[in-house]
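A.B. asks: A predicted structure for the sequence below; I have some questions about it.
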Amino acid sequence: MVSRAKRTDASRSDSSLSSYCPHPAFAVDNGDVLIQSSDSVLFGVHSCILTMASPVFRESLPLPPPSATSESILVRQPLVLTEPAHVLDLLLRIIYPVPTPTLDNLSVLAKVLAASIEYDISVATTTLRKQLISPSFLSSEPLRVFAIACRFGFKEEATEASNATLSMNIVDAPLVEELRYVSAYDYHRLLSFHRTRSRAARNVVGLRGKSCPARCMGCSYNDPGGQASLPRWWYSFEKRAKEELERRPLTDIIFSMRFLSECEGCPSCGGNMLDSFHFLEGLKAELDALPDRIAD
């Protein structure tokens, strides 16, 4: 945010200056104006670039007089901003014709995103929204991505992140700082989405068990009454699958080779399970077809 009240002499020596070193494009002898970060780092910037990117800067940047020389620029009082140097550096690098930085830290990304919105820099906001829902963030920290998207009102990104949260146990998930900015309404929607999908998935497994065609020669025909029963592996699978789907309503785990191999059964159940792969594929497809993200 722009602070019009604070002005400093760019030429003075100050022991409180940060040791952060901005991109070479923002050296103090570059550009026609100076801006200063909250931690007292100076940036030489080009007003033509910033004013084109941001209507806020268009109104706030102090333009140099027509007769300004390179030396007079260096001693001009800078415009002081409330963002720290590392945030301004990243934001300016998105605006400037230099390689666009890829942010690998969600906390930093959120700060730069907040600054881009504060200064109404649409090109930076668009770039950062795409990075917010990068595969790496969605796979490692989906709840934080959801919270950040909700904080800034990004519906599409929040919807995408809600799908990624299915891979985690949302109820027992550790508390994350970003949830501080999420409304009770949005968080309740996420919890309801998880509960609804989990309940539907468990119901599908239960219903399909009643029509499961699998019969194991080792354990399905032991009923003295002559009635063929479902194989033991299915009962084990159904019980464990429902427990897993209650925690994480996705099919990735319950149809993995490891999960299936750990289902208990008779010596013949392993072969029967392999013979039932068409049935299991159909069950997986039915579960995958359930609503997999928050509805608009």
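C.D. replies: Great, that's in hand.
A.B. asks: what about the stretch 1-150 of the chain, any weak spots by pLDDT?
C.D. replies: Low-confidence segments of the stretch 1-150 of the chain (pLDDT under 70): 1-18, 62-76.
A.B. asks: got the residue ranges for the strands in it?
C.D. replies: Taking DSSP state E, counting those that start in this stretch as the criterion, the stretch 1-150 of the chain carries its strands at 2-3, 33-36, 42-45, 79-81.
A.B. asks: got JSON lines for the ones you listed, with distance to Y221 too?
C.D. replies: The C-beta positions use only the backbone N, C-alpha and C, and glycine is treated the same way. Below are those laid out as JSON lines (distance: least, CB to CB, whole Å):
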{"stretch": "strand 2-3", "distance to Y221": "80"}
{"stretch": "strand 33-36", "distance to Y221": "81"}
{"stretch": "strand 42-45", "distance to Y221": "80"}
{"stretch": "strand 79-81", "distance to Y221": "78"}
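A.B. asks: May I see the ones you listed arranged in CSV, with mean neighbour count and distance to D104 as well?
C.D. replies: Converted to CSV, the strands of the stretch 1-150 of the chain look like this (neighbours: other CB atoms under 10 Å; distance: least, CB to CB, whole Å):
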stretch, mean neighbour count, distance to D104
strand 2-3, 16, 28
strand 33-36, 23, 26
strand 42-45, 22, 23
strand 79-81, 21, 24
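A.B. asks: Of all these, which one comes closest to K210?
C.D. replies: K210 lies closest to strand 79-81 among the strands of the stretch 1-150 of the chain, at 65.0 Å (CB to CB).
A.B. asks: Which residue is the nearest non-sequential neighbour of the residue nearest the centre of the chain?
C.D. replies: By CA atoms, centre = their mean, the mean C-alpha position of the chain lies nearest to V145, the distance being 2.8 Å. Once flanking residues are discounted, V145 sits nearest to A161: 4.2 Å by CB to CB, 6 or more residues apart in numbering.
A.B. asks: and the longest helix for the protein?
C.D. replies: Longest helix of the chain, by residue count under DSSP state H: helix 184-210.
A.B. asks: Output the contacting helices and strands for it.
C.D. replies: Contacts defined by 3 or more CB pairs under 8 Å, 6 or more residues apart in numbering; DSSP states H and E place helix 184-210 against helix 155-164, helix 232-247, helix 277-288.
A.B. asks: Now do that helix: distance to the chain's middle.
C.D. replies: Its chain's C-alpha centre and that of helix 184-210 lie 22 Å apart, by CA atoms, centre = their mean, to the nearest Å.
A.B. asks: Can you list the buried residues in that helix?
C.D. replies: Going by neighbour count (16 or more other CB atoms under 10 Å), the buried part of helix 184-210 is 186-187, 189-190, 193-194, 197-198, 201-202, 204-205, 208-209.
A.B. asks: possible to save those as JSON lines with pLDDT and distance to H46?
C.D. replies: Output for the buried residues of helix 184-210, formatted as JSON lines (pLDDT from 0 to 100; distance: CB to CB, whole Å):
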{"residue": "D186", "pLDDT": "96", "distance to H46": "39"}
{"residue": "Y187", "pLDDT": "95", "distance to H46": "43"}
{"residue": "R189", "pLDDT": "96", "distance to H46": "44"}
{"residue": "L190", "pLDDT": "96", "distance to H46": "43"}
{"residue": "F193", "pLDDT": "96", "distance to H46": "46"}
{"residue": "H194", "pLDDT": "96", "distance to H46": "48"}
{"residue": "R197", "pLDDT": "97", "distance to H46": "51"}
{"residue": "S198", "pLDDT": "97", "distance to H46": "54"}
{"residue": "A201", "pLDDT": "97", "distance to H46": "55"}
{"residue": "R202", "pLDDT": "97", "distance to H46": "60"}
{"residue": "V204", "pLDDT": "97", "distance to H46": "59"}
{"residue": "V205", "pLDDT": "97", "distance to H46": "61"}
{"residue": "R208", "pLDDT": "91", "distance to H46": "64"}
{"residue": "G209", "pLDDT": "89", "distance to H46": "68"}
